[in-house]
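Student: Turn this into a structure:
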Amino acid sequence: MSIQSGQNKSLATLRRLARLAAVQGLYQAELSPEPLEAVIQRFHEDPSVLFSEEQAGASIDTELLMVILSGTKEHRDIVDTSLSETLGPTHSLARLEELLKAILRAGAFEILYCLDTPEGIIVNDYVDVAHSFFAAKEPAMVNAVLDALAKKKRQPL
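Tutor: Next up is the predicted model:
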């Protein structure tokens with residue numbers, strides 16, 4: 001393995017962990033009475049608030065984390081509308097479990113607004129995040145919804 005590919009793998013890991021932490025932050029904000037800004041402030045004071053024991057001490061791409069958290073909040077109406085359109089009439093975003101919504105919202109935000117990141121990386125990372133929490137059909141749903149959203153909203157080069 002070359003140094004360059006080791007650096008790319010390291011950057012990919014930092015970003016994957018940032019996506020996981022972002023989902024955990026969005027989920028915390030949904031379940032608590034405090035706003036997302038408070039979760040972000042707590043993270044700045046103590047980064048471990050968004051990590052599980054296995055992730056404690058891990059390095060992450062904090063810039064990406066902040067982009068996802070603040071962007072998902074700022075563009076939530078557009079993100080939710082895009083997800084609802086993609087889910088179609090058979091599924092309702094409102095009826096999904098909060099953690100699944102957090103995963104979909106973070107992934108949809110990146111697909112819609114982080115155009116410099118290939119959609120395949122975004123989809124794959126959020127499917128991995130879903131596998132961290134779910135063992136049943138949820139990871140497949142995350143894959144299908146984010147893939148469909150990417151195909152609908154991103155133009156081929």
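Student: contacts, neighbours, all on C-alpha from now
Tutor: Noted.
Student: Can you get me a residue count around Ile122?
Tutor: 24 (other Cα atoms under 10 Å).
Student: what's near enough to touch it?
Tutor: For Ile122, the contact set (Cα atoms under 8 Å, 6 or more residues apart in numbering) comprises 107, 110-111.
Student: can you rerun that using 7 Å?
Tutor: Gly107 (Cα atoms under 7 Å, 6 or more residues apart in numbering).
Student: Go through the helix or strand where it lies and flag the buried ones.
Tutor: Assigned by DSSP states H and E, Ile122 falls within helix 119-133. By 16 or more other Cα atoms under 10 Å, the buried positions in helix 119-133 come out as 119, 122-131.
Student: Can you read off the pLDDT for Leu96?
Tutor: Each residue has a pLDDT score; the one for Leu96 is 93.
Student: do you know how far it is from Glu138?
Tutor: Shown here: Leu96 relative to Glu138, a distance of 10 Å by Cα to Cα, to the nearest Å.
Student: pLDDT-wise, which helix or strand of the protein ranks last?
Tutor: helix 36-45 (a mean of 75; mean pLDDT, DSSP states H and E).
Student: for that helix, which positions count as buried?
Tutor: Buried, per 16+ other Cα under 10 Å, within helix 36-45: 36, 39-40, 43.
Student: just for the chain, where's the confidence low?
Tutor: The chain contains residues with pLDDT under 70 at 1-9, 44, 47-58, 155-157.
Student: in it, which spans are helices?
Tutor: 3-31, 36-45, 62-74, 76-87, 98-113, 119-133, 138-153 (DSSP state H).
Student: who are the neighbours in contact with the most centrally placed residue in the chain?
Tutor: When Cα atoms, centre = their mean is applied to the chain, the residue found nearest the centroid is Ala106 (3.4 Å). Residues in contact with Ala106 (Cα under 7 Å, 6+ apart) are 23, 68, 72.
Student: Nearest to Lys153, out of the buried residues of helix 119-133: which one, please.
Tutor: Glu119 (10.5 Å; Cα to Cα).
Student: Next, the contact list for the residue nearest to Ser59 when sequence neighbours are not counted, please.
Tutor: Closest residue to Ser59 apart from its sequence neighbours, by Cα to Cα, 6 or more residues apart in numbering: Leu14 at 6.3 Å. Residues counted as contacts of Leu14 (Cα under 7 Å, 6+ apart) are 59-61.
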